[in-house]
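Chemist: sequence and predicted structure, then a few things I'm wondering about:
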Amino acid sequence: MNKPKFPKTSLEDYFKYREALFINLSSMMKRGEKARDIRKVLDRVYELYKAYFFLEDFYSFGRLDELNDFLLGSSFFEKQFIDEAIFHEKEHIKMAEDLGYNIKGYSAILLFNYKKNEPSFALQVHIDLDEKLSYENFKKMCMAPKNPSLIDLAFK
């Protein structure tokens, strides 16, 4: 497994991207748009932001324990911070599974918080989008953790 490299992607840029993604996703889901059309719009949003991202900061995993081990292998994140983040993702996972969705994998995006001058990360749970995903279910999954993150709260 690769050892994490010190991140270059800006936390602020990534949050702006996720917010733009969620705004589009939310409005299209509320209107009942087809998954194919939603994917096209989300791809366009990514194209607008990709110049701000460093692809070496993006990592994918098939299992949650692989993601956990990867983060623990870094020298710049404390174990408690990682444990809290993994617990947070488990709350998303539980809600997704309770709603009948299949988990496809996980991502870690290593980020740098230029305001605090410290590294950080964002985690994602990937669900099987071949299944119909309603606005209400997606919102339930976003808001499942007892302490939603700023990214979770961006989905309105």
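Modeler: Happy to help now that I have it. What you see is a predicted model, and the numbers here were worked out from it, not measured in a lab.
Chemist: which residues sit in contact with F76?
Modeler: 4, 6, 118-119 (Cβ atoms under 8 Å, 6 or more residues apart in numbering). Using the backbone N, CA and C atoms, a C-beta is placed for each residue, glycine as well.
Chemist: ok, of these, which come out buried?
Modeler: For the contacts of F76, burial is judged from neighbour counts taken by 16 or more other Cβ atoms under 10 Å, and it is met by 4, 119.
Chemist: which among the contacts of F76 gets closest to K132?
Modeler: P4 (35.4 Å; Cβ to Cβ).
Chemist: returning to that earlier point: of the contacts of F76, which pair is most distant in space?
Modeler: Counting by Cβ to Cβ, the most remote pair of the contacts of F76 is P4 and E118, 14.1 Å apart.
Chemist: which residues in this structure form strands?
Modeler: In the chain, the segments counted as strands under DSSP state E are 58-61, 103-113, 118-127.
Chemist: pipe these into TSV and attach distance to L133 and mean pLDDT per row.
Modeler: Output for the strands of the chain, formatted as TSV (distance: least, Cβ to Cβ, whole Å; pLDDT from 0 to 100):
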stretch	distance to L133	mean pLDDT
strand 58-61	20	96
strand 103-113	13	96
strand 118-127	7	94
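Chemist: so for E33, which of those strands sits nearest?
Modeler: Across these, closest to E33 is strand 118-127 (Cβ to Cβ), at 17.8 Å.
Chemist: just the buried residues of that closest one, please?
Modeler: In strand 118-127, counting by 16+ other Cβ under 10 Å, buried: 119-125, 127.
Chemist: tell me how many other residues crowd E56.
Modeler: Here the count is done by other Cβ atoms under 10 Å, and E56 has 13 residues near it.
Chemist: sweet, I'm off.
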